[in-house]
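In: Can you look at this prediction? I've put the sequence above it.
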Amino acid sequence: MGLFRRKGPLVFEPYSYRRRRSWSVPRWLLWLLSGIAIGAGGLYYVQQEYLPPRLSTEDSVRLQGSVSALEQRTAQLQAALDKAEADGKAVRGETARLHTELDAARQAVARLEKDLALFDEVLPPDPRDSPIGVRAAKFANDAGQLGYHVLLTRERKGGKAFRGQLEFVVAGERGGREQTVTLNPVELSFADYQHVKGSLPLPAGFLARQVTVRVLDRAGGTQQGMRVINAR
């Protein structure tokens with residue numbers, strides 16, 4: 001019986017349990033809320049004092065428009081630069097091609113000059129030893145025209161070009177009779193040598209047999225060269 005016996009009186013308190021279990025805010029929650037408040041305040045202070053001001057909606061729209069315009073301008077400049085580079089590459093290619101053609105032309109001229117020098121040595125000289133040599137000539141009757149090809153050389157080379165006239169005195173036959181006609185002169189202008197090629201009209205029914213080639217310093221002037229060549 002001693003197990004259930006308690007000394008002193010028992011007092012019944014119906015509200016004692018509710019008082020012991022009343023709720024209170026935990027300390028860790030208070031610390032968390034305080035940290036959040038302090039952090040938000042610090043962020044606001046730093047933003048107001050040190051960071052750039054926030055842009056308004058209108059400022060953001062204007063800034064976006066400026067960025068888009070700048071990007072478009074950059075694209076245009078890049079396209080212009082690409083085109084300029086392509087054009088420069090094409091110009092460089094064309095320049096290289098022209099240089100190549102120029103070198104080839106110079107080589108061709110050098111070969112022609114050598115051939116001309118050899119030709120001048122091999123070709124028979126004008127027997128009259130005139131200032132203007134009639135080195136070779138060819139004449140042909142061609143349907144009422146006198147076709148001609150004459151090679152002239154100048155003994156005094158270099159300096160001022162020779163200017164004068166080439167005259168053809170043609171002996172032939174017309175209606176069974178011997179005739180001689182003088183054709184219209186051909187203008188001349190050359191420095192060292194000149195190929196004169198073309199055709200001149202003959203009188204109707206005239207057949208050329210022989211042509212006297214005369215080189216004059218002017219119309220009706222002094223004779224500078226002469227040679228007689230048969231026509232065919």
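Out: Everything's here; your move. Numbers count the residues shown, from 1 in each chain.
In: Measure how far the longest helix along the chain is from the centre of its chain, please.
Out: Ranked by residue count and defined by DSSP state H, the top helix of the chain is helix 57-122. Offset of helix 57-122 from its chain centre (C-alpha atoms, centre = their mean, to the nearest Å): 5 Å.
In: Which elements pack onto that helix?
Out: Based on contacts counted as 3 or more C-beta pairs under 8 Å, 6 or more residues apart in numbering; DSSP states H and E, there is no element that helix 57-122 packs against. (Each C-beta comes from the backbone N, C-alpha and C, glycine too.)
In: 10 Å instead, please
Out: strand 132-142, strand 145-154, strand 193-201 (3 or more C-beta pairs under 10 Å, 6 or more residues apart in numbering; DSSP states H and E).
In: Of all those strands, which one is nearest residue 66?
Out: Closest approach to residue 66 among the helices and strands packed on helix 57-122 is made by strand 193-201 (73.3 Å; C-beta to C-beta).
In: tell me the angle that closest one makes with strand 132-142.
Out: Per axes from the mean of the first three to the mean of the last three C-alpha atoms, to 10 degrees, the angle that strand 193-201 makes with strand 132-142 is 30 degrees.
In: quick one: buried residues of strand 193-201?
Out: Neighbour-count burial for strand 193-201, counted by 16 or more other C-beta atoms under 10 Å, picks out 194, 196.
In: Just want the angle from that strand to helix 57-122.
Out: Inter-element angle recorded for strand 193-201 and helix 57-122: 90 degrees (by the same axes, to 10 degrees).
In: neighbouring strands for strand 193-201, and are they parallel or not?
Out: strand 145-154 (antiparallel) (DSSP bridges).
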